[in-house]
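> Below are the sequence and a predicted model; questions follow.
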Amino acid sequence: MHDYKKLRLWQQSIELVKEIYKLTKNFPSEEKFGLTNQIRRSAVSVPSNIAEGAGRNTKGEFKNFLGVANGSLFELETQLIISKDMNYLKDYNLNLLLPKIDMLQKMIYNLIKSVNNN
(Lines give C-alpha, C1' and ligand atoms only; values in the text may rest on other atoms or scores of the structure.)
Protein backbone atom coordinates (compact mmCIF):
# COMPACT_ATOMS: atom_id res chain seq x y z
CA MET A 1 0.00 0.00 0.00
CA HIS A 2 2.75 2.48 1.00
CA ASP A 3 6.49 2.35 0.68
CA TYR A 4 7.00 2.83 4.40
CA LYS A 5 10.77 3.35 4.09
CA LYS A 6 10.08 6.61 2.23
CA LEU A 7 7.77 7.90 4.95
CA ARG A 8 9.46 10.62 7.01
CA LEU A 9 7.38 9.37 9.93
CA TRP A 10 8.95 5.91 9.73
CA GLN A 11 12.46 7.35 9.29
CA GLN A 12 12.09 9.66 12.29
CA SER A 13 10.67 6.85 14.42
CA ILE A 14 13.73 4.71 13.59
CA GLU A 15 15.92 7.58 14.80
CA LEU A 16 13.94 7.71 18.03
CA VAL A 17 14.52 3.98 18.57
CA LYS A 18 18.27 4.50 18.22
CA GLU A 19 18.17 7.32 20.78
CA ILE A 20 16.13 5.22 23.18
CA TYR A 21 18.57 2.32 22.97
CA LYS A 22 21.53 4.60 23.66
CA LEU A 23 19.75 6.25 26.55
CA THR A 24 18.54 3.06 28.24
CA LYS A 25 22.02 1.55 28.07
CA ASN A 26 22.76 3.56 31.21
CA PHE A 27 19.72 2.37 33.17
CA PRO A 28 20.35 0.21 36.24
CA SER A 29 21.04 -3.45 35.47
CA GLU A 30 18.12 -4.53 37.67
CA GLU A 31 15.83 -2.75 35.18
CA LYS A 32 17.11 -4.82 32.23
CA PHE A 33 13.97 -6.96 32.16
CA GLY A 34 11.71 -4.27 33.56
CA LEU A 35 11.51 -0.66 32.54
CA THR A 36 14.45 -0.82 30.11
CA ASN A 37 12.84 -3.66 28.16
CA GLN A 38 9.41 -2.02 28.24
CA ILE A 39 10.73 1.32 26.97
CA ARG A 40 12.64 -0.33 24.15
CA ARG A 41 9.65 -2.44 23.14
CA SER A 42 7.39 0.62 23.04
CA ALA A 43 9.89 2.51 20.91
CA VAL A 44 10.42 -0.38 18.48
CA SER A 45 6.66 -0.83 18.22
CA VAL A 46 6.26 2.56 16.53
CA PRO A 47 8.17 1.98 13.26
CA SER A 48 7.17 -1.70 13.31
CA ASN A 49 3.46 -0.88 13.31
CA ILE A 50 3.90 1.78 10.65
CA ALA A 51 5.64 -0.79 8.45
CA GLU A 52 3.10 -3.50 9.14
CA GLY A 53 0.20 -1.18 8.44
CA ALA A 54 1.78 -0.04 5.20
CA GLY A 55 1.90 -3.66 4.10
CA ARG A 56 -1.81 -4.24 4.67
CA ASN A 57 -4.41 -4.28 1.94
CA THR A 58 -6.80 -1.54 3.00
CA LYS A 59 -6.71 2.06 4.18
CA GLY A 60 -8.66 1.03 7.26
CA GLU A 61 -6.01 -1.49 8.26
CA PHE A 62 -3.24 1.04 7.66
CA LYS A 63 -5.03 3.61 9.82
CA ASN A 64 -5.53 1.00 12.54
CA PHE A 65 -1.80 0.25 12.68
CA LEU A 66 -1.02 3.97 12.72
CA GLY A 67 -3.31 4.19 15.73
CA VAL A 68 -1.40 1.38 17.42
CA ALA A 69 1.89 3.19 16.69
CA ASN A 70 0.43 6.34 18.23
CA GLY A 71 -0.61 4.38 21.31
CA SER A 72 2.96 3.10 21.62
CA LEU A 73 4.20 6.69 21.61
CA PHE A 74 1.91 7.55 24.51
CA GLU A 75 3.11 4.44 26.32
CA LEU A 76 6.73 5.41 25.67
CA GLU A 77 6.12 8.93 26.94
CA THR A 78 4.65 7.57 30.17
CA GLN A 79 7.55 5.17 30.68
CA LEU A 80 10.08 7.94 30.16
CA ILE A 81 8.32 10.12 32.73
CA ILE A 82 8.42 7.20 35.18
CA SER A 83 12.13 6.77 34.42
CA LYS A 84 12.76 10.41 35.20
CA ASP A 85 10.78 10.12 38.44
CA MET A 86 12.91 7.08 39.37
CA ASN A 87 16.06 9.14 38.64
CA TYR A 88 17.10 6.84 35.77
CA LEU A 89 16.69 9.68 33.30
CA LYS A 90 17.80 13.29 33.58
CA ASP A 91 15.44 16.21 32.96
CA TYR A 92 17.67 17.23 30.07
CA ASN A 93 17.19 13.90 28.26
CA LEU A 94 13.46 13.84 28.90
CA ASN A 95 13.15 17.39 27.58
CA LEU A 96 14.92 16.33 24.39
CA LEU A 97 12.75 13.27 23.83
CA LEU A 98 9.28 14.60 24.61
CA PRO A 99 9.21 17.09 21.69
CA LYS A 100 10.32 14.31 19.33
CA ILE A 101 7.52 12.08 20.57
CA ASP A 102 5.05 14.94 20.17
CA MET A 103 6.28 15.57 16.63
CA LEU A 104 5.78 11.88 15.73
CA GLN A 105 2.27 11.94 17.18
CA LYS A 106 1.43 14.93 15.01
CA MET A 107 2.93 13.22 11.97
CA ILE A 108 0.76 10.15 12.60
CA TYR A 109 -2.32 12.33 12.95
CA ASN A 110 -1.52 14.08 9.66
CA LEU A 111 -0.87 10.80 7.87
CA ILE A 112 -4.21 9.42 9.09
CA LYS A 113 -5.91 12.57 7.77
CA SER A 114 -4.09 12.14 4.45
CA VAL A 115 -5.17 8.49 4.18
CA ASN A 116 -8.77 9.55 4.88
CA ASN A 117 -8.65 12.13 2.09
CA ASN A 118 -7.31 9.74 -0.56
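Cool, the structure landed. Numbers count the residues shown, from 1 in each chain.
> just how off-centre is the one helix or strand Ser45 maps to within its chain?
When elements are assigned from DSSP states H and E, Ser45 belongs to helix 35-54. Offset of helix 35-54 from its chain centre (CA atoms, centre = their mean, to the nearest Å): 6 Å.
> which strands and helices sit next to the helix or strand encompassing Ile101?
Remark: Ile101 resides in helix 91-117, with elements defined by DSSP H and E. For helix 91-117, the helices and strands in contact under the criterion 3 or more CB pairs under 8 Å, 6 or more residues apart in numbering; DSSP states H and E are helix 8-24, helix 59-85. (Glycine included, C-beta is placed from N, CA and C.)
> any idea how far the longest one is from the chain center?
When you say that, I think you mean helix 59-85. Its chain's C-alpha centre and that of helix 59-85 lie 6 Å apart, by CA atoms, centre = their mean.
> What is it packed up against?
Applying 3+ CB pairs under 8 Å, 6+ apart, one finds that helix 59-85 makes contact with helix 35-54, helix 91-117.
> tell me the angle of the last one relative to helix 8-24?
Calculated by axes from the mean of the first three to the mean of the last three CA atoms, to 10 degrees, helix 91-117 forms an angle of 160 degrees with helix 8-24.
> Equivalent analysis for the first one, please.
Angular relation of helix 35-54 and helix 8-24 on a 0 to 180 degree scale: 170 degrees, by the same axes, to 10 degrees.
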